[in-house]
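**Q** Based on what follows, work out the 3D shape:
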Amino acid sequence: MHLIGTIVRLQIQRSPLKTGEKPNRVYDPAPLLTVDRLAVSSDGTLGLDGERGWIVDVHHRAHPDTRNSDGRHGISIGFTSHYDAMRRRFGERIDAGCAGENIIVETPRRYALEDLQSGLVVLGPDGGEILRLTTLDVAHPCRPFTGWALGRRVDSEVLKSHLQFLDGGMRGFRLAGQNPGMLSVGDRVAVAPGA
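**A** The predicted structure is shown next:
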C-alpha cells in the first residue's frame, strides 16, 4: 500500500452548497459542519457533532433532500496539496474543505484519478484497516463554486480556464464505501493495493 497521508478534517454538508436556479446558481459553504467522527457506509456519511449528536450528510441516501439517490456519490475526499494550489490561484478565501469534501487528508503531493483507481484504505492509529473505499470519479468543477472562489460572478471568457484548472481531481474525488467504518481525525489514508 502507498500511504497518502493523515486525515486532518472530517465534515458533512447539512444542506446543498449550491442554491438558486440556473444560470444564477450561487455557492455558499455555510452548510458545512466540521465533525468529530464520520460514520461511512455504502449509503453515505453521518457526522458526529459533540453538541448535536449524529447529523445526516446531504449526500447520504437517508437525507430528506438527498443528492445521492442513486447511491453513486455518497462520500468525497480532498487533499491539502490541492487546496494549496487553489489558494495560490484564487486567494486566501480558499480554506481546506471549502469545496465540501467529507474527508480532508494532509499530503504534500497532488493526486489524479489514475493514482487512486485501485481505491483507498483508511487505517487506524494501530495500522489496522478501518474502511475500504472505491474511487468512482473526480468531483467536477462548476460555475457557482468558481464564482465563489473568485469572489465574483465568472465571465464566460475566463470560466473555461478556471474550470480546466479545477477539474481532474483538484476539487476532490467521489467515493463509495465498500464496508461500514468509523473515521476519526488522525486516521491515515493509503492507496489500496492494485487488483
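**Q** from here on, contacts and neighbour counts on C-alpha atoms
**A** OK.
**Q** Could you tell me which residues make contact with the residue most central in space within the chain?
**A** The residue lying closest to the centre of the chain (C-alpha atoms, centre = their mean) is Glu101, at 1.9 Å. By C-alpha atoms under 8 Å, 6 or more residues apart in numbering, the contact list for Glu101 reads Gln11, Ile12, Ile75, Ser76, Ile77, Gly78, Gly172.
**Q** Regarding Gly78, what is its secondary structure?
**A** strand (DSSP: H, G, I helix; E, B strand; the rest coil).
**Q** how near is the nearest residue to it once chain neighbours are set aside to Glu114?
**A** Distances taken as C-alpha to C-alpha, 6 or more residues apart in numbering place Gly172 nearest to Gly78, at 4.4 Å, with adjacent residues excluded. Using C-alpha to C-alpha, to the nearest Å, we find Gly172 at a distance of 13 Å from Glu114.
**Q** how about the residue nearest to Gly78, what does it touch?
**A** Contacts of Gly172 (C-alpha under 8 Å, 6+ apart): Ser76, Ile77, Gly78, Phe79, Glu101, Val138, Ala139.
**Q** what bridges to the third one?
**A** The reference is to Gly78. Under DSSP bridges, the beta-bridge partners of Gly78 are Ile104.
**Q** Give me the residues contacting the helix or strand bottoming out on mean pLDDT in the chain.
**A** Every helix and strand of the chain was ranked by mean pLDDT, DSSP states H and E. The lowest is helix 156-166, at a mean of 86. Helix 156-166 is contacted by residues Met86, His140, Pro141, Cys142, Arg143, Thr146 when judged by C-alpha under 8 Å, 6+ apart.
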